[in-house]
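J.: quick one, what's the 3D model for this:
(4 chains)
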There are 2 protein chains.
Amino acid sequence: MTLRDRVWQRRNRLRNRFPKATLADVAERAGVSPSTASRALNGHAGLAPATRAAVESAAASLKFQPSPLARSLRTRRTLTVGFVVPDVSSPFYAAALKGAQRRLGQAGYRVLLMDASLDVERELAALETLYAHQVDGLLLATAGISAEALEAAVSTTPTVFFDSVADGAGDGAVILENARGTGLLLEHLVGHGHEHIAFLAGSQRETSGVERLQAFRASGRADERYIRVCEWSIGDGRRAGLELLDDPQRASAVLASSAELALGFMAAAAERGVRIPQDVALVSFDDPYFGELLEPSLTAVAYDACLVGERAAALLVDAMSSETDAREVRVPVTLVTRRSCGCDG
Amino acid sequence: MTLRDRVWQRRNRLRNRFPKATLADVAERAGVSPSTASRALNGHAGLAPATRAAVESAAASLKFQPSPLARSLRTRRTLTVGFVVPDVSSPFYAAALKGAQRRLGQAGYRVLLMDASLDVERELAALETLYAHQVDGLLLATAGISAEALEAAVSTTPTVFFDSVADGAGDGAVILENARGTGLLLEHLVGHGHEHIAFLAGSQRETSGVERLQAFRASGRADERYIRVCEWSIGDGRRAGLELLDDPQRASAVLASSAELALGFMAAAAERGVRIPQDVALVSFDDPYFGELLEPSLTAVAYDACLVGERAAALLVDAMSSETDAREVRVPVTLVTRRSCGCDG
DNA sequence: TTGTAAGCGTTATCAC
DNA sequence: GTGATAACGCTTACAA
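T.: Below you'll find the model as predicted:
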């Protein structure tokens, strides 16, 4: 049996199982060479209109779909970006993911997702995997990786940070207006006449946690006695809340760095029979979608988490397609006043 | 040549200064042929131990990472699965994604994410893209695709449905105990002495919506007058809730098919000055994580959304590695009694 | 304007 | 045991 025969046999066997048409099939059908077919389908200039038409109709009739795998191997571009977060199931990251996915989809990119499970080691492993996959870009909400480690893991892959930043690294960053939001909440409490304001700070491994606490301290209204640094969880908020409430010289208002911390504080207050806002006022950075329905409804700083992902994606698309200077984008926040601060419903 | 191309050229040039080690490099360094190197690294049997060791050390010292692209092109396996949902930012899908990602990661698979934005056409497009990418499997929470369309789009790609099912298609499905959960809630209300029970049904394009409504109707306690079919949103729940509340012969209890619908009903009740549970009782399928903190706290059916994704992933891994019969897995639900039903806090 | 041929980095099939 | 060699499906100099 000649080689040619074997090839034929094999091709037929494959065809029967994977009726996927290849570029060679299209070319044959159109009576041109593969290169011409490729050029036609990629819209290269300088082709006889008739040729192009023939190729296009051949492709259509065979339902040809080019293999991204082969294409990427050849061109060294994958049209894929890696998305790495500490925890996809968190509402914030989930929303950011949606925004990013939308924007990237428009630009023709696919999203390869990695969840680092709040674990720096996994995060590094994820980055290495993504690098091996030759992703064209990286969207990264780091749980605390250093600029050097990043550089080592992904070399020159364009990277945009969001929510949390590894100082000095990357081709851009998208962050919330943390300082402004904190200021808004603080001023509002001060407007209600509060002087002793407690602060529930979030994890200091993340930019949001750091910036919010910094802003609070910089305000001149901070008393270290009333500051509690927690993880971003309801449980932690509750524990810290109980401490705050059990202080004999209790603060008259609480600023929580996140919705979870605020919810934790509410739980603590309920446990101690402390009424909000009569006995202690509460405001929160983060406006959960059910904020209106809590008792009392929650005064909070709101923002569009989706937009964070979208903006980051936009920055990345830019960075991938042209040399750009690293830019920092701030996503705006607004104050939503409801009853927990002492305002009337 | 476009700007974009030039950027890529430059980047590639940069990369060429520190070229990624290829299998050929490893082979050369170890003084063997590429095929031998390949065999060594893939743990094939029948190699001189010394050869294997040499290859391994060469690979290590060059920090060799095989190119998944090239490998996939050759082997026709991508170690990638597509994950398609109507909306990643919904807490349920986000949690399922996390569970799936975890399980798939363990098994060595990557996750390519597609958000169909609640749009059947996009869903189809997503499936085609995924098929072109030769994903090894598909995790699909469909927004309403037919078995035929699925078959046409992804051919024989192993597919596991979760949350929502296209009847008869796929290699498995993971669904909640919808009927049991509905029964639990209903019985509980009946136990409180309610006779006229209203039902807020969710979208009938999805299995969860359908099964919950079906279970309600099958209970013999259903009065069509008190049934409202909605989309899964707070707004829809509110609208339907207002209708229910404005009925002169108002039902004395409401069973909401989802947390969103329950929240919508709470908003409606607040607007009308109707007290829960004194004037009307409320229970919900879905226990939102802040259910304890609502006023009144919400009696609900709870389940582990993460587990849904995890189980689906497990089924898929099975289906991808061997011929298996299609299986249906039900994820258990439990009743959490709090105050909205009329129980004491 | 089009075709030929050389890869991209692997793995599989043969020989030896 | 190990090494040539031929794919996998595509793009792109370089020729013609």
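J.: so what's the nearest residue to A:Arg275 once chain neighbours are set aside up against?
T.: Closest residue to A:Arg275 apart from its sequence neighbours, by Cβ to Cβ, 6 or more residues apart in numbering or on different chains: A:Ala269 at 7.4 Å. Backbone N, C-alpha and C define where each C-beta goes, glycine included. By Cβ atoms under 8 Å, 6 or more residues apart in numbering or on different chains, the residues touching A:Ala269 are A:241, A:245, A:275-276, A:279-280, A:282.
J.: what do you get if the cut-off is 10 Å, keeping everything else the same?
T.: Taking Cβ atoms under 10 Å, 6 or more residues apart in numbering or on different chains, we find A:Ala269 in contact with A:238, A:241-242, A:244-245, A:254, A:275-276, A:279-280, A:282.
J.: where does it fall, phi/psi-wise?
T.: phi -60, psi -40 (degrees, to the nearest 10).
J.: cool, and A:Val81?
T.: phi -120, psi 150.
J.: quick one: it from B:Arg239, how far?
T.: 39 Å (Cβ to Cβ, to the nearest Å).
J.: repeat that for A:Ser233.
T.: Applying Cβ to Cβ to A:Ser233 and B:Arg239 gives a distance of 34 Å.
J.: all helices of chain A, in order?
T.: Applying DSSP state H to chain A gives helices spanning A:3-17, A:23-30, A:34-41, A:49-61, A:68-75, A:91-106, A:120-132, A:147-154, A:178-191, A:207-218, A:234-246, A:259-272, A:305-321.
J.: may I have the phi/psi pair for the closest residue to chain B within chain A?
T.: Taking Cβ to the nearest Cβ, chain B has its nearest neighbour within chain A at A:Glu295, 3.0 Å off. Here is the backbone geometry of A:Glu295 (degrees, to the nearest 10): phi -120, psi 110.
J.: contacting residues for it?
T.: Per Cβ under 10 Å, 6+ apart, neighbours of A:Glu295: A:266, A:270, A:276, A:339-340, B:270, B:293-297.
J.: now, which of these sits nearest DNA strand C?
T.: Closest to DNA strand C out of the contacts of A:Glu295 is B:Leu293 (52.5 Å), distances taken as Cβ to the nearest atom of the strand.
J.: quick one: the closest one and A:Leu263 touch, right?
T.: Yes. Under the criterion of Cβ atoms under 10 Å, B:Leu293 makes contact with A:Leu263 at 5.6 Å.
J.: what do these two both touch?
T.: In contact with both B:Leu293 and A:Leu263: A:234, A:290, A:294, using Cβ under 10 Å, 6+ apart.
J.: touching chain B at all, stretch A:92-101?
T.: Yes. If you take Cβ under 10 Å from any Cβ of the partner chain as the test, stretch A:92-101 does meet chain B, through A:92-101.
J.: quick one: which two of those residues are the most distant?
T.: A:Phe92 and A:Gln101 (14.8 Å; Cβ to Cβ).
J.: give the contact list for the residue nearest the centre of chain A.
T.: Closest to where the C-alpha atoms of chain A average out (Cα atoms, centre = their mean) is A:Ala96, at 4.1 Å. A:Ala96 makes contact with A:83, A:85, A:88, A:90, A:139, A:141, A:162-163, A:174, A:304-313, B:88-89, according to Cβ under 10 Å, 6+ apart.
J.: quick one, grab the pLDDT at it.
T.: Here the pLDDT value assigned to A:Ala96 is 98.
J.: how near is the residue nearest to A:Arg180 when sequence neighbours are not counted to B:Ala70?
T.: Leaving aside its chain neighbours, A:Arg180 sits nearest to A:Val333 (6.3 Å; criterion: Cβ to Cβ, 6+ apart). According to Cβ to Cβ, A:Val333 stands 46 Å off from B:Ala70.
J.: ok, these two, which is more surrounded?
T.: A:Val333 (24 against 15; other Cβ atoms under 10 Å in any protein chain shown).
J.: isn't A:Glu292 up against A:Ala302?
T.: No. Using Cβ under 10 Å as the test, A:Glu292 is too far from A:Ala302 to be in contact (11.1 Å).
J.: overlap in contacts of these two?
T.: A:Val336.
J.: before we move on, back to that, which of the contacts of A:Ala269 are buried?
T.: A:238, A:241-242, A:244-245, A:254, A:276, A:280, A:282 (16 or more other Cβ atoms under 10 Å in any protein chain shown).
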